[in-house]
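> Take this sequence and fold it.
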Amino acid sequence: MHIIDSHFHYWPRAFFEMLAKRSVYPRVTRNADGGYDYRRKEGATGLLNLEPEWFDLERQFAYMDGLGHRVDVVCSVGPLSIHFSDLPLEEGREHALLWNEEMSAAQRRYPGRLWASAAVPLTDTAVAIEVLDDAVGRLGLMGVNLPGSVGNDPRIDADRLEPFYARVAELGIPMFIHPTDAVFQDVLEGYGGALHLTLGRVMEVSVAAARLIFSGIMERHPTLKVVMSHTGGALPYQSGRIDKNGARVGLPHPPSTYIKRMFTDTVSPHSPGMKFAIEYYGIDNVMYGTDYPCWMPSETLRLLGELDLSPSEKQKLFYDNARRILNLRDAPASTIASAAA
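Below is the predicted model of the structure:
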């Protein structure tokens, strides 16, 4: 089977080597495994402990090839997307430009097998739009990443960001919402990080998406293409409660109308969760995704195998939906030949 993994993480080693030279937070140290430990701020209760696999595309594709399928991948920034808004503006801009250059290089190295999305600093709207336009126009990246907050500020629905969302909608590119480690990490400390990773990240991404709805951003920009990670966070499961209390907002439609306009993936280590996401959003709005290397694709495939999906539903879930939703295009033959050479 030809598969597209819509939720895949590759992080460029050159970017982290640059971060390892910083003496202030956010900062990175090399770990004993050959990867990196990333910490947002001094005294933060958690850190990203990253194994070498995150930085080795050849190794990642070798694993995918061992699954017995042709697997293409879509790279999102993931929890690091907040980094670019944590920094002073000019430094955040420089880091985003470097990240986007590296991801564009990976896209050129694996044309037609890897697609990548852009990082943007959200601390200044004009700069965010400038970096976005450069990533899509000059570098050919296929989407953009939205963290759950602008640094520690949870207001990603701030009025000043309206032109940014308008530009994303105008470009017609997908906007990936992925949890980060800011708003709830310190509140949900302890237990080896299990409480935050289990609930904090889910709450953060759910609140971020709800802000896009309650603020009217989704209403004012009906073509905005929002991709919610992790089977939609808490939104599908609390849809009735969101409609009940969301009536106070005064939107022309129930909030669930806008939730169902979003798209999601199959990242849930629980086959009933996958099943409910498909039932709630509809088979046309859900894409196969694994969160690799955070979670193993072999387990994703096993759990999806427990669902009673028809051949046509499997074709949509594993391949067709990602091509359509994410506007994925085949690379020109000349690009493929150049990469091979």
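> now the strands for the stretch 1-150 of the chain?
Remark: strands assigned in the stretch 1-150 of the chain by DSSP state E, counting those that start in this stretch are 2-8, 27-30, 36-39, 48-50, 70-75, 114-118, 143-146.
> Other residues contacting the shortest one?
Residues external to strand 48-50 that are found in contact with it (Cβ atoms under 8 Å, 6 or more residues apart in numbering): 11, 16, 31, 35-39, 79-80, 181. The way it works is simple: take the backbone N, C-alpha and C, and place the C-beta from them, glycine included.
> Could you pick out the buried ones from those residues?
11, 16, 35-39, 79-80, 181 (16 or more other Cβ atoms under 10 Å).
> Dump these into JSON lines; add distance to Tyr292 and pLDDT as well.
Output for those, formatted as JSON lines (distance: Cβ to Cβ, whole Å; pLDDT from 0 to 100):
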{"residue": "Trp11", "distance to Tyr292": "12", "pLDDT": "97"}
{"residue": "Phe16", "distance to Tyr292": "18", "pLDDT": "97"}
{"residue": "Gly35", "distance to Tyr292": "15", "pLDDT": "95"}
{"residue": "Tyr36", "distance to Tyr292": "18", "pLDDT": "96"}
{"residue": "Asp37", "distance to Tyr292": "20", "pLDDT": "93"}
{"residue": "Tyr38", "distance to Tyr292": "18", "pLDDT": "94"}
{"residue": "Arg39", "distance to Tyr292": "23", "pLDDT": "91"}
{"residue": "Pro79", "distance to Tyr292": "14", "pLDDT": "92"}
{"residue": "Leu80", "distance to Tyr292": "15", "pLDDT": "95"}
{"residue": "Asp181", "distance to Tyr292": "19", "pLDDT": "84"}
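> Return the member of these nearest to Leu303.
Pro79 (22.6 Å; Cβ to Cβ).
> which non-adjacent residue is nearest the closest one?
With sequence-adjacent residues excluded and distances taken as Cβ to Cβ, 6 or more residues apart in numbering, Pro79 is closest to Thr180, at 4.9 Å.
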